[in-house]
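1. okay, structure incoming, though there's no sequence with it:
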């Protein structure tokens, strides 16, 4: 097996592991169980509080229809409130409720702990090695975007 095939297989294994982890519902401090897509959308809104629905869709890499459905689900769960700017009735904005902000903070704390453990593993990498890794991941993402658009 050539090196490209080994790298490709390893990347696919990693991707499948991420998908498996992302598909697991998670119980948070409030005792509620949330799906990863819900939590990550809440986090996206928390990090981009002024973003429109269209901007959120772009940031999440999903369609406007998909983000609209997710915003409806989050609103029903009491995590967000939706409104429209006075100057644009078509535009939708989402704001975190108190419950949504608590979930957002809990998720951010989780990522801080997780990211710290991951960074500890990469701590020995030089700046040029990190730049190389970023470039490889960017190339893979661009390739996958183009492949997805061609389907």
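-> That came through fine. Note that the structure is a prediction, hence the values are computed from the model and not measured. Numbers count the residues shown, from 1 in each chain.
2. gap between residue 58 and residue 119?
-> 28 Å (C-beta to C-beta, to the nearest Å). Yep, even glycine has a C-beta here, placed from its N, CA and C like the rest.
3. so which of these two has more stuff around it?
-> Just comparing residue 58 and residue 119: by other C-beta atoms under 10 Å the higher neighbour count belongs to residue 58, 14 against 10.
4. how far out from the middle of the chain is the helix or strand hosting the more buried one?
-> Element membership for residue 58, per DSSP states H and E: helix 53-60. Mean-position distance between helix 53-60 and its chain equals 11 Å (C-alpha atoms, centre = their mean, to the nearest Å).
5. what do you get for stretch 24-39?
-> With C-alpha atoms, centre = their mean, you get 14 Å for stretch 24-39.
6. average model confidence for it?
-> The average pLDDT within stretch 24-39 is 88.
7. span of that stretch from start to end?
-> One end of stretch 24-39 to the other measures 12 Å (C-alpha to C-alpha, to the nearest Å).
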